[in-house]
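[1] no FASTA, just this:
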């Protein structure tokens, strides 16, 4: 059985909906990593669309301490769906003041802790993350900082996941099958 799945994809690729469809259990813990920003109505609408799509039997957890949550999950716990790693990383970068050139060690430590916790997670786990390495090199320092950290983190998470999928134009492509090394 697949225990850990990483679902990657670009903006509006269908990665979140596909990840949700991988879990057929009635009880699922949906780990929402997005932070709310007062006055950002567009962001609130995006979050609301995600909430509306989820079954009523799912429990939503908003926890910035993702490594702790994953690292303490037991095999008997409901499956976990983390949506998504990119918004979690944004919060880590914010907290470390990395956008201003500070906190590089704090960001690296948080990413390392997430990778370790993912590898140790005993519950069924589906992680969603943005694939940002296929585009143009960002013109801003902050854009490059985010792209570089997320690209590295995605690669490290893929190493500890049993299955890795990439959604392109709504079509899931298997990069690694459970029990295998690739398609």
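    Received the coordinates, thanks. As the structure is a prediction and not an experimental result, all values here were calculated from the model.
[2] got the end-to-end distance for stretch 67-76?
    One end of stretch 67-76 sits 18 Å from the other (CA to CA, to the nearest Å).
[3] So for that stretch, mean pLDDT?
    The average pLDDT within stretch 67-76 is 94.
[4] Could I get the buried residue list for it?
    67, 69, 70, 71, 73 (16 or more other CB atoms under 10 Å). From N, CA and C alone the C-beta is placed, and that goes for glycine too.
[5] what about the closest residue to the third one other than its chain neighbours, which SS state?
    By that I understand residue 70. Using CB to CB, 6 or more residues apart in numbering and skipping residues adjacent in sequence, the residue nearest residue 70 is residue 117, 4.0 Å away. Under DSSP: H, G, I helix; E, B strand; the rest coil, the three-state class of residue 117 is helix.
[6] hang on, residue 117 packs against residue 66?
    Yes - using CB atoms under 8 Å, residue 117 makes contact with residue 66 at a distance of 7.3 Å.
[7] Look at those two and report which has more neighbours.
    Between residue 117 and residue 66, counted using other CB atoms under 10 Å, the more crowded position is residue 66 (24 against 20).
[8] Not counting residues beside it along the chain, what's closest to that one?
    Leaving aside its chain neighbours, residue 66 sits nearest to residue 88 (5.4 Å; criterion: CB to CB, 6+ apart).
[9] how near is that neighbour to residue 26?
    26 Å (CB to CB, to the nearest Å).
[10] re the thing from before, what's the pLDDT at the residue nearest to residue 70?
    In this model, residue 117 carries a pLDDT of 97.
[11] same check, this time on residue 183
    For residue 183, pLDDT reads 50.
[12] Over to residue 2?
    In this model, residue 2 is scored at 68, pLDDT.
[13] Could you do residue 47 as well?
    83.
[14] who's more crowded, residue 88 and residue 26?
    Between residue 88 and residue 26, counted using other CB under 10 Å, the more crowded position is residue 88 (28 against 10).
[15] What are the neighbouring residues in contact with that one?
    33, 64, 66, 82, 114 (CB atoms under 8 Å, 6 or more residues apart in numbering).
[16] Check the gap between the residue nearest to residue 70 and residue 80 for me.
    11 Å.
[17] Please enumerate the shared neighbours of these two.
    69, 70.
[18] top helix in the protein by residue count?
    If you go by DSSP state H, the chain has its longest helix at helix 141-160.
[19] any idea which helix or strand comes after that helix?
    On the C-terminal side of helix 141-160, the nearest following helix or strand under DSSP states H and E is strand 163-168.
[20] Walk me through which strands that next one pairs with, and which way each runs.
    strand 4-9 (parallel), strand 171-176 (antiparallel) (DSSP bridges).
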